[in-house]
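>>> predicted model and sequence follow; I will ask about them next.
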Amino acid sequence: MAAKPEVVCFKQVQEMVENGDELPHRYIWSDMNSNYGPVDLNVPPATEIPVIDVGRLVSSSSAMDDELVKLRSALSSWGCFQAVNHGIENWFLDEVRQLAREFFHLPMVEKQKCARSGNDYEGYGNDIVLYENQPLDWNDSLYLLVSPQDRQKLQYWPQNPPSFRKVLEDYTASLGQLQEILLKSMARSLSIPEDSFLNQYGERPTMYGRFNYYPPCSKPDLVFGLKPHADGSGLTFLLQDKQVRGLQLMKDNHWFSVPIMPHALVVNVGDQLEIMSNGIFKSPVHRAVASSERERTTLAIFFLPDPSKDVEPVEELVDDERPKLFKKVKHYTETYFNYFQQGKRPIDAVRI
Ligand SMILES: O=C(O)CCC(=O)C(=O)O
Ligand SMILES: [Fe+2]
């Protein structure tokens, strides 16, 4: 099916809920749309998702070695962990959450000042419609490129709350430092030079933020808050809602719900790190479900290599026993969105 430009503009989900609209057909998920099974609100909790103590990763004791083993195992099984002792203060995480909530609670006309225009991916809105019959997700989002700073499109950045830009930039700067620690630790956990992954990010790596708002849904068993997908990033940091669960992750063909740890960050491997690690680290398929009663707000920060830079499996991770699994790629995410909206995995297109 060929991509076609967006022709229809859908109402924000939040607006439909406020108006008491019937659930539109376009949001109802049918099994035909997915290789990943139906909506299921009651999957078991992923109590085994590892919790990684970042402080131990930077200590120079035997605690570090233990934590590296745990990290490697987390990333090659779940592709995900909950990071604690990550250096970002609890009160600041709460401030970031508050910022997101405040934005989504502004009057619609105020939010529309940041509305996505045409086929631009950035800004406030809901799903870009690229395909006929593409089912829609039960969320509104605000998607922004945060760095490199000279590529920011400030016309999409909220003026309100007034602290928006500062808080988002401070938060992402802290995550940038955390990301560097983690990428080095991940390389060390595989006994390869610690810059092996970082080097592939190039001089001008990209970072995007996606604020997700999932309003309550009268029929949450018929919709996805966010359809099953894997991230096209290198690494993703998710700040979950403190009260309302919704994130589900697939492991060995079974779905699990990711527990809320209020001051932990959910870190997951994206496709580009799976490629760099020659498939040792897994980019997990995940999705979000809606709740019948409560709204849910999350913030995902995606770190990506410079799009014009080649990304490929690290040389030391390729040998006779483990041949190269992926082709060299660049501009990965430009192909990514199309696949996502068709429910396909872009990483399958770059497998050897
Ligand atoms: O909101 C969530 O729980 C998941 C968000 C997510 O997967 C994404 O924005 O890519
Ligand atoms: Fe995601």
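Right, received. Where do you want to start? Residues are numbered from 1 along each chain as shown. Ligands and ions are numbered 1, 2, ... in the order given.
>>> how about the helix or strand that Ile52 is a member of: buried residues?
Element membership for Ile52 (DSSP states H and E) is strand 51-53. Under the neighbour-count criterion of 16 or more other Cβ atoms under 10 Å, strand 51-53 has 52-53 buried. Placement of C-beta: from N, CA and C, glycine included.
>>> got a list of contacts for the helix or strand following that strand?
On the C-terminal side of strand 51-53, the nearest following helix or strand under DSSP H and E is helix 54-57. Contact with helix 54-57 is made by 63-64, 66-68, 71, 83-87, 178, 181-182, 185, as judged by Cβ atoms under 8 Å, 6 or more residues apart in numbering.
>>> tell me the one of those nearest Pro50?
Leu71 (7.8 Å; Cβ to Cβ).
>>> for that closest one, which non-adjacent residue is spatially closest?
Excluding its sequence neighbours, the residue lying closest to Leu71 (Cβ to Cβ, 6 or more residues apart in numbering) is Ser189, at 5.0 Å.
>>> the one you found against Leu68, yeah?
Yes - using Cβ atoms under 8 Å, Ser189 is in contact with Leu68, at 4.3 Å.
>>> neighbour count for the two, which is higher?
Between Ser189 and Leu68, Ser189 has the larger neighbour count (other Cβ atoms under 10 Å), namely 22 against 19.
>>> now the phi/psi pair for the more buried one, please.
The phi/psi pair for Ser189 (degrees, to the nearest 10) reads phi -60, psi -20.
>>> quick one on the thing from earlier: so what's the residue nearest to Leu71 up against?
68-69, 71-72, 75 are the contacts of Ser189 under Cβ under 8 Å, 6+ apart.
>>> among the contacts of helix 54-57, which ones are buried?
The buried subset of those - by 16+ other Cβ under 10 Å - is 64, 67-68, 71, 83, 86, 178, 182, 185.
>>> ok, Leu317 to Phe103 distance?
Relative to Phe103, Leu317 is positioned 41 Å away (Cβ to Cβ, to the nearest Å).
>>> now do Phe92
17 Å.
>>> have a look at the two and say which one is more surrounded.
Taking other Cβ under 10 Å, Phe92 and Phe103 do not tie; Phe103 has more neighbours (20 against 14).
>>> list the contacts of that one.
111, 142, 158, 160-161, 164, 211.
>>> give me that answer again for 10 Å
Taking Cβ atoms under 10 Å, 6 or more residues apart in numbering, we find Phe103 in contact with 110-111, 114, 124, 142, 158, 160-161, 164, 211, 213, 297.
>>> thinking again about what came up before, looking at the buried ones among the contacts of helix 54-57, spot the one nearest ligand 1.
Closest to ligand 1 out of the buried ones among the contacts of helix 54-57 is Ala83 (15.5 Å), distances taken as Cβ to the nearest ligand atom.
>>> spatially, what comes nearest to Tyr121 if we skip its sequence neighbours?
Nearest non-adjacent residue to Tyr121 (Cβ to Cβ, 6+ apart): Tyr143, at 6.1 Å.
>>> that neighbour belongs to a strand?
Yes - assigned with DSSP: H, G, I helix; E, B strand; the rest coil, Tyr143 falls within a strand.
>>> from Gln272, how far off is it?
Following Cβ to Cβ, the distance that separates Tyr143 from Gln272 is 18 Å.
>>> same check, this time on Pro38
29 Å.
>>> tell me which of those two has more neighbours.
Gln272 (29 against 12).
>>> and the gap between the more buried one and Glu48?
25 Å.
>>> same question for Gly20.
Taking Cβ to Cβ, one finds Gly20 at 41 Å from Glu48.
>>> try Ala115
Taking Cβ to Cβ, one finds Ala115 at 41 Å from Glu48.
>>> comparing those two, which residue is more hemmed in?
Set side by side, Ala115 and Glu48 show more neighbours around Ala115, with 16 against 10, by other Cβ under 10 Å.
>>> tell me who's in contact with that one.
Neighbours of Ala115 in contact, by Cβ under 10 Å, 6+ apart: 9, 12, 108, 123-125, 142, 155-156.
>>> apply 7 Å and report the result again.
Ala115 is in contact with 123-125, counting by Cβ atoms under 7 Å, 6 or more residues apart in numbering.
>>> what would these look like in JSON lines with pLDDT and distance to Ala349?
Below are the contacts of Ala115 laid out as JSON lines (pLDDT from 0 to 100; distance: Cβ to Cβ, whole Å):
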{"residue": "Gly123", "pLDDT": "95", "distance to Ala349": "27"}
{"residue": "Tyr124", "pLDDT": "95", "distance to Ala349": "30"}
{"residue": "Gly125", "pLDDT": "91", "distance to Ala349": "26"}
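>>> in strands, which of these fall?
Of the contacts of Ala115, the ones assigned to strands by DSSP state E are 123-125.
>>> close to ligand 1: what parts of the stretch 151-300 of the chain are there?
Proximity of the stretch 151-300 of the chain to ligand 1 is confined to 210, 212, 226, 231, 238, 246-247, 286, 288, 298, 300 under the rule Cβ under 6 Å from any ligand atom.
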